[in-house]
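Sequence isn't available, so here's the structure alone:
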């Protein structure tokens, strides 16, 4: 049985919904906004988080209020089918087309939470899976000019912390040597698959060679493969992973070579069925997975941690507690691995 079939026929009653804005200054030097979806029905409330990146898209949605026609009696399947026919950006087109997937995930994850709460059951019980401790890394982009400071400040407070870092052409050999000496780098995100964003990083052969040789055990995420970079990374293909291109099974099949592991971000896939089908596909193909976040500020972070605990708990999940997003993370945050913390009912991580 496909994993989706275990959830698809859950009954769902929707009476109304509301929107709640959130924001936080995060370590990547921007103010992150998100919107919590409160989906209500039958005396219960389901939550999801819209992680669209552009603040203007959140402002427009929150100013317009709950315009979508969502009320009625559904199954989870029929509700998701209904959502597919709606314009989730009714007052203005999104700044980026991928944002439609992010918003779909917000409403569908809220619907899943609500359906489970109305059924009086937690996600893992319905799926027949046991939550397990979640290994995580902290994703970080160093300031410009880059220094070791953001790493050492975090390690001073959390000595066991592991990192996923964004190398840039401004990284010097000295900085790389200092990073190697920490022994705390599990992944390097080359950001080679982005275009027109603030995190774009060109395919710099000098940087690629330095990083690949300096971190021989680290996963290499999203390199841009040109004739030159493909040749120098050929011997490292077993540790190349992909994130930004992955929205569907078809995207995995279209990669330049079969991957050993991919980053499956629920919000980037964009829907519950598509996500569960992707998990099933990777399991059949023997492709390992890890989870990725989108600077969630609320319930969405716990939801991706919950999914990681069920489908890929032992990989370098980019699902650290939200407190690590802060410019100066406070003391007392949970360390890796996160102990299982599913709520008694619904799709929430306590």
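The structure has been received and is ready for your questions. The model shown is predicted, which means the values in this text are computed figures rather than measured ones.

hey, let's count contacts and neighbours off CA atoms from now on
Noted.

what's the distance between residue 36 and residue 350?
Separation of residue 36 from residue 350 (CA to CA, to the nearest Å) stands at 16 Å.

So the closest residue to residue 17 other than its chain neighbours versus residue 50, what's the distance?
In space, and not counting its chain neighbours, residue 17 is closest to residue 39: 4.4 Å by CA to CA, 6 or more residues apart in numbering. Going from residue 39 to residue 50 by CA to CA gives 13 Å.

Would you map the strands across this structure?
Ranges of strands within the chain are 11-14, 16-26, 30-41, 44-50, 72-75, 138-140, 163-165, 185-189, 219-221, 240-241, 261-264, 288-291, based on DSSP state E.

how far off strand 30-41 does the fourth one point, in degrees?
Strand 44-50 runs at 150 degrees relative to strand 30-41, counting by axes from the mean of the first three to the mean of the last three CA atoms, to 10 degrees.

how much does strand 44-50 deviate in direction from strand 16-26?
Going by the same axes, to 10 degrees, strand 44-50 is angled at 40 degrees with respect to strand 16-26.

Partner strands of strand 44-50, with direction?
Using DSSP bridges, strand 44-50 pairs in its sheet with strand 30-41 (antiparallel).

for the second one, same thing?
According to DSSP bridges, the neighbouring strands of strand 16-26, each with its direction, are strand 30-41 (antiparallel).

what comes up buried for the partner strand?
32-41 (16 or more other CA atoms under 10 Å).

and what of stretch 342-350?
If you call a residue buried by 16+ other CA under 10 Å, then stretch 342-350 has these buried ones: 342, 345-349.

What is the most widely separated pair among the residues you listed?
345 and 349 (9.9 Å; CA to CA).

follow-up on the earlier one: can you add pLDDT and give the buried residues of strand 30-41 back as TSV?
As requested, the buried residues of strand 30-41 are exported to TSV (pLDDT from 0 to 100):
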residue	pLDDT
32	89
33	95
34	97
35	98
36	98
37	98
38	98
39	98
40	98
41	98
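
Please enumerate the helices of the protein.
Counting by DSSP state H, the chain has helices at residues 55-64, 76-84, 99-119, 123-127, 149-157, 173-182, 205-214, 227-233, 249-253, 266-269, 272-285, 299-311.
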